[in-house]
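Engineer: here's a sequence, model it:
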Amino acid sequence: MSDIAGRGARDAGREGPGARDAGREGRGARDAGREARVGVAPSAPRTPDPAPRLLSVEGLNTVFDLRGGTAPAVIDVSFHVNAGETLCLVGESGSGKSVTALSILRLVQRPGRIASGSVLFNGRDLLTVSEREMQHVRGAEIALIFQEPMTALNPVFTIGDQIEETLIVHGEARGRAARERAIELLGAVSIPEPDRRVRDYPHQLSGGLRQRALIAMALACKPSVLIADEPTTALDVTIQAQILDLLRDLKKRFGLALLLITHDLGVVAEMADRVAVMYAGRIVEEAPVRELFQNPRHPYTQGLLASIPGGARGSRLAAIQGTVPPLGHLPPGCPFAPRCPRRFEPCDTAVPGVTVIEDRGARPEARKTESRTSDLGPRTSDLGHTTRCYLYSPAVEPEVLPEAPMKKSR
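Structural biologist: Have a look, this model is predicted:
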């Protein structure tokens, strides 16, 4: 457990990161209302971030070997996170977000296994290094904040003991120096009376303080990438806001890249630079945060945004009908087709490929508009705004095609 600790972060709070195309024809009023409901603040356009790419996931496939056969949980997932950037991975429960995070750190337990792909971190493929090398990566270079602190923290050891163990395992400090560092870390995450709380057990802390203690463990060894798996789940609104403010402050102070996993679109609007929407193991849409809220293309993304409370007074809350299909029982075509209000003929035949909606900031080789395939799957993060939907092009997996104008009106 203490192997999976890490450090804090640079600035997640750029208001309206990636702000572009503030008003598209015919969408202005609707977009303004949607952004007001989730709190996306206006900001000026900015040039593409030249920050170095720290983490790059390419064509990741994770499966579970069950009695009835092999069930895919993560399917051809590709994305990257730059230094100082926040990428939000969003979707319903069961979409594969947490399994993706565990796969990055090679923590998937049997019967699960990583079937193929690559996870490049500072030029190294983490899926090919030895387990001993991975032990040095976990916590020291990439940290993971688990979803539920009460189960992530060991109930029979004090908070201080667990932070100190992390420091000792990674050779950061020992003895009195480790205790002093633990107290310093608890103070850094705004836990009151850290010299007293360091001797407390997890059950003696409130939910918000436990989450802060878990973040302190994630700061201990000063990693460059922090993966936060729903860090505000089960916390009340006030504590949620405090935790998000804390993550922003730590990101600014320590210069972290942040991969934030959530199903809360309010958190996405407040924290993200870019957003990847995940459904049934696949990333179905990816875009800069403002572009996604102003110009959602995939029917699933549109359904998620429509379900945000705060519409006209007395209006019925919108909901996406049905549920995420279970592992091993995906439909033959688009996995969202059984729930999609815009379903038509091609949707049941084959899995859609990638359609490039926005191509700003892409590298020159990513700007080509002809059909492209890759042994590791399409590198969607290189292409600006992308989606997997037949409404916008006839691309079939693993094709990558530009948006077809004649499909826009469907």
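Engineer: from residue 164, how far out is the residue lying closest to residue 94 once chain neighbours are set aside?
Structural biologist: In this structure, residue 94 finds its nearest non-sequential neighbour in residue 324, 4.1 Å apart by C-beta to C-beta, 6 or more residues apart in numbering. Heads up, the C-betas are built off the backbone N, CA and C, glycines and all. Residue 324 sits 40 Å away from residue 164, going by C-beta to C-beta, to the nearest Å.
Engineer: residue 167 is in contact with residue 178, correct?
Structural biologist: Yes: taking C-beta atoms under 8 Å as the contact criterion, residue 178 and residue 167 are neighbours in contact, 4.7 Å apart.
Engineer: which one's more surrounded, the two?
Structural biologist: Between residue 178 and residue 167, residue 167 has the larger neighbour count (other C-beta atoms under 10 Å), namely 23 against 20.
Engineer: for that one, phi and psi?
Structural biologist: With angles defined as degrees, to the nearest 10, residue 167 shows backbone torsions of phi -60, psi -40.
Engineer: what's the answer for residue 86, then?
Structural biologist: Per-residue torsions, residue 86: phi -110, psi 120 (degrees, to the nearest 10).
Engineer: residue contacts, it?
Structural biologist: Neighbour list for residue 86: 12, 17, 251, 257, 258, 259, 260, 271, 272, 273, 274 [criterion: C-beta atoms under 8 Å, 6 or more residues apart in numbering].
Engineer: most neighbours among those, please name it.
Structural biologist: Among the contacts of residue 86, residue 272 has more neighbours than the rest - 29 neighbours, counting by other C-beta under 10 Å.
Engineer: pretty sure it contacts residue 260?
Structural biologist: Yes: applying C-beta under 8 Å as the test, residue 272 and residue 260 come out as touching, 7.1 Å apart.
Engineer: where exactly do the helices run in the protein?
Structural biologist: 28-38, 97-104, 131-137, 149-152, 159-169, 175-188, 194-197, 207-219, 237-254, 265-271, 289-294, 299-306 (DSSP state H).
Engineer: who are the packing partners of the longest one?
Structural biologist: Counting contacts by 3 or more C-beta pairs under 8 Å, 6 or more residues apart in numbering; DSSP states H and E, helix 237-254 is packed against helix 207-219, strand 257-262, helix 265-271.
Engineer: alpha carbons only: can I get it in CSV?
Structural biologist: Backbone C-alpha positions of helix 237-254 (Å, rounded to 0.1, in the frame of the first residue of the first chain) are rendered in CSV as follows:
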residue,chain,number,x,y,z
VAL,A,237,-20.1,19.4,-0.9
THR,A,238,-18.1,21.6,1.4
ILE,A,239,-15.3,19.0,1.9
GLN,A,240,-15.3,18.2,-1.8
ALA,A,241,-14.5,21.9,-2.6
GLN,A,242,-11.7,21.9,0.0
ILE,A,243,-10.1,18.8,-1.5
LEU,A,244,-10.3,20.2,-5.0
ASP,A,245,-8.8,23.5,-3.8
LEU,A,246,-6.1,21.5,-2.1
LEU,A,247,-5.3,19.5,-5.3
ARG,A,248,-5.1,22.7,-7.2
ASP,A,249,-2.8,24.3,-4.7
LEU,A,250,-0.5,21.3,-4.5
LYS,A,251,-0.4,21.0,-8.3
LYS,A,252,0.7,24.6,-8.5
ARG,A,253,3.3,24.2,-5.7
PHE,A,254,4.8,20.9,-6.8
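Engineer: mind listing what's buried in that helix?
Structural biologist: The neighbour-count criterion (16 or more other C-beta atoms under 10 Å) identifies 239-240, 242-244, 246-252, 254 as the buried residues of helix 237-254.
Engineer: got it, and the third one?
Structural biologist: Judged by neighbour count using 16+ other C-beta under 10 Å, the buried positions of helix 131-137 are 134, 136, 137.
Engineer: mind checking how far residue 320 is from residue 181?
Structural biologist: Residue 320 sits 46 Å away from residue 181 when distances are taken as C-beta to C-beta.
Engineer: lovely, talk soon.
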